[in-house]
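> Sharing a sequence plus its predicted fold:
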Amino acid sequence: MTEMSLYHQLAESVGAPGSARIVKIFQALADEDEAKVLVASSPPASVDEISEKTGLPGQYVQEVVDTLFKKGLIFKSSRKDPQFYYRVRHMVQFHDSTAVARDVTPELIAMWQDYMAHEWEAYRDALMKAIPRPGLRVIPVNVSIQPQTQILAFDDVKNLIDEARSIAVTPCACRSVEKKCDSPMEVCIQFDRSADYAVERGTGRKLTRDEAMETLKIAEENGLVHSGSNQRGPGRVICNCCDCCCMFWGQMAYVSPSRFRAVIDADTCTGCEFCLERCRFDALSLDDGQGVVRVSPDDCMGCGLCLTVCPEQSIDLNIVREEDFVPV
């Protein structure tokens, strides 16, 4: 097995067969022995099994596995005693885990920028055709403070935080690579196993529940859109996305709207246009004839950022989609 064939196997394993750019990124991250260990860790395997597959000594394999874990190339399986390990499985995981590694180099970031500029769009579009539903869903700002709103647990960022066993915050992988704006970087909130993973490999820091809510408040104040797993369960992450760096913003079919839509009280709206500046979805426009803002139902994603800047409190979020809109 040649060194080059190892890296081509790894590129193919994350969905990029024939991509010279992804081969180059793997080469920058893993030497030949590390590449052998990665290839041998699918399906998930123990150190002894990886040692047997590669012919490398067991103690050395453990050292390699520990290094690859820190780099974001290998993960710990839930199967323990002995601990099983598995390699990075797909492009999004590969991008996100390596872009925020503690020892990430400017050269690696430049490689990711090159890949994102030239190949990511085709991969993203192919991914959309392969998955049955959007992977992410917009989560509204903390609307649970409004007593007239019948908020459900999976719509409520505060509930998601309160229910989490463990919470951590990491840098945003998308902004770490793209660097197209000065939005806050350390706002990607991880829950439970994902939080434990981030803290263990040194890419995240633990948060209290109050600190997590404060992080979301900072994100809202900076016009970042909350998004999380498109499911009724707790999920693993709350991303806080901008429209210039987010890897999925150009393909909104991957992101489902929330169950809400902005509504504007025409009697109290003064047409100040603060909300127009805040909306990232071009869902608001000024009705020049009436001097009030109108909402485009087809474009509003129900994030609620507009209501956070309305000085007249003329904007609210109404439920427009039933509970079963969110997959189980």
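Perfect, thanks for sending it.
> Closest to the centroid, which residue in the chain?
Cys239 (5.0 Å; C-alpha atoms, centre = their mean).
> Contact partners for that residue?
Leu136, Cys172, Cys188, His226, Ser227, Gly228, Cys246 (C-beta atoms under 8 Å, 6 or more residues apart in numbering). Bear in mind the C-beta positions are built from the backbone N, C-alpha and C, glycine included.
> Then Ser227?
With contact taken as C-beta under 8 Å, 6+ apart, Ser227 is in contact with Leu136, Arg137, Val138, Ile139, Ile238, Cys239, Asn240, Cys241, Val255.
> My guess is the third one contacts Arg259. True?
Yep, that's Val138 we're talking about. No. When contacts are counted by C-beta atoms under 8 Å, Val138 is not listed as touching Arg259 (9.4 Å).
> Now the common contact residues for these two.
Common neighbours of Val138 and Arg259 (criterion: C-beta under 8 Å, 6+ apart): Gly302.
> Okay, strands next: where are they in the stretch 51-200 of the chain?
For the stretch 51-200 of the chain, the strands defined by DSSP state E, counting those that start in this stretch cover 74-76, 85-87, 136-138, 167-170, 188-191.
> What lies in contact with the second one?
What that stands for is strand 85-87. Here strand 85-87 makes contact (C-beta under 8 Å, 6+ apart) with 10, 13, 38-39, 41-47, 50, 65, 68-69, 73-77.
> please redo it, this time with the cut-off set to 6 Å
For strand 85-87, the surrounding residues in contact (C-beta atoms under 6 Å, 6 or more residues apart in numbering) are Leu38, Ser41, Ser42, Pro44, Val65, Ile74, Phe75, Ser77.
> Centre of the chain to it, how far?
Relative to the centre of its chain, strand 85-87 is centred 20 Å away, using C-alpha atoms, centre = their mean, to the nearest Å.
> Identify each buried residue in the lowest-mean-pLDDT helix or strand in the chain, please.
Ranked by mean pLDDT, DSSP states H and E, the weakest helix or strand in the chain is helix 157-163, scoring a mean of 86. Within helix 157-163, the residues that count as buried by 16 or more other C-beta atoms under 10 Å are Val157, Lys158, Asn159, Leu160, Ile161.
> How much space separates the first one from Met91?
Going back to what we said before, that points to Val157. For Val157, the distance to Met91 equals 28 Å [C-beta to C-beta, to the nearest Å].
> just to revisit the earlier point, quickly note the distance from the residue nearest to the centre of the chain to Val295.
Per C-beta to C-beta, Cys239 is found 24 Å from Val295.
> In this protein, where is pLDDT below threshold?
By pLDDT under 70, the low-scoring segments of the chain are 1-4, 142-155, 234, 250-253.
> Would you check how far apart the residue of it positioned farthest from its centre and Asp282 are?
Ranked by distance from the centre of the chain (C-alpha atoms, centre = their mean), the top residue is Gly289, with 40.9 Å. The gap separating Gly289 from Asp282 is 20 Å, by C-beta to C-beta.
> With Gln93 instead?
31 Å.
> and these two? which has more neighbours close in?
Between Gln93 and Asp282, counted using other C-beta atoms under 10 Å, Gln93 has the larger neighbour count: 15 against 11.
> Find the nearest non-adjacent residue to that one, please.
Spatial nearest neighbour of Gln93, chain neighbours left out: Val14 (7.8 Å); criterion: C-beta to C-beta, 6 or more residues apart in numbering.
> count of neighbours near that neighbour?
Residues near Val14, counting by other C-beta under 10 Å: 21.
> Kindly report the same for the one 4 residues further on.
Per other C-beta under 10 Å, the neighbour tally for Gly18 reads 9.
> Please report the distance of the closest residue to it other than its chain neighbours from Ile22.
In this structure, Gly18 finds its nearest non-sequential neighbour in Ala11, 7.6 Å apart by C-beta to C-beta, 6+ apart. Here the criterion is C-beta to C-beta. By it, Ala11 lies 4 Å from Ile22.
> quick one, helices of the chain?
Using DSSP state H, the helices found in the chain span residues 3-13, 20-29, 32-40, 47-54, 58-71, 91-99, 106-118, 120-130, 157-163, 173-178, 192-201, 209-221, 274-278.
> Distance to Val263 for those helices - can I get that in JSON lines?
Shown next, in JSON lines, are the helices of the chain (distance: least, C-beta to C-beta, whole Å):
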{"stretch": "helix 3-13", "distance to Val263": "47"}
{"stretch": "helix 20-29", "distance to Val263": "45"}
{"stretch": "helix 32-40", "distance to Val263": "51"}
{"stretch": "helix 47-54", "distance to Val263": "57"}
{"stretch": "helix 58-71", "distance to Val263": "47"}
{"stretch": "helix 91-99", "distance to Val263": "34"}
{"stretch": "helix 106-118", "distance to Val263": "37"}
{"stretch": "helix 120-130", "distance to Val263": "30"}
{"stretch": "helix 157-163", "distance to Val263": "20"}
{"stretch": "helix 173-178", "distance to Val263": "30"}
{"stretch": "helix 192-201", "distance to Val263": "34"}
{"stretch": "helix 209-221", "distance to Val263": "19"}
{"stretch": "helix 274-278", "distance to Val263": "12"}
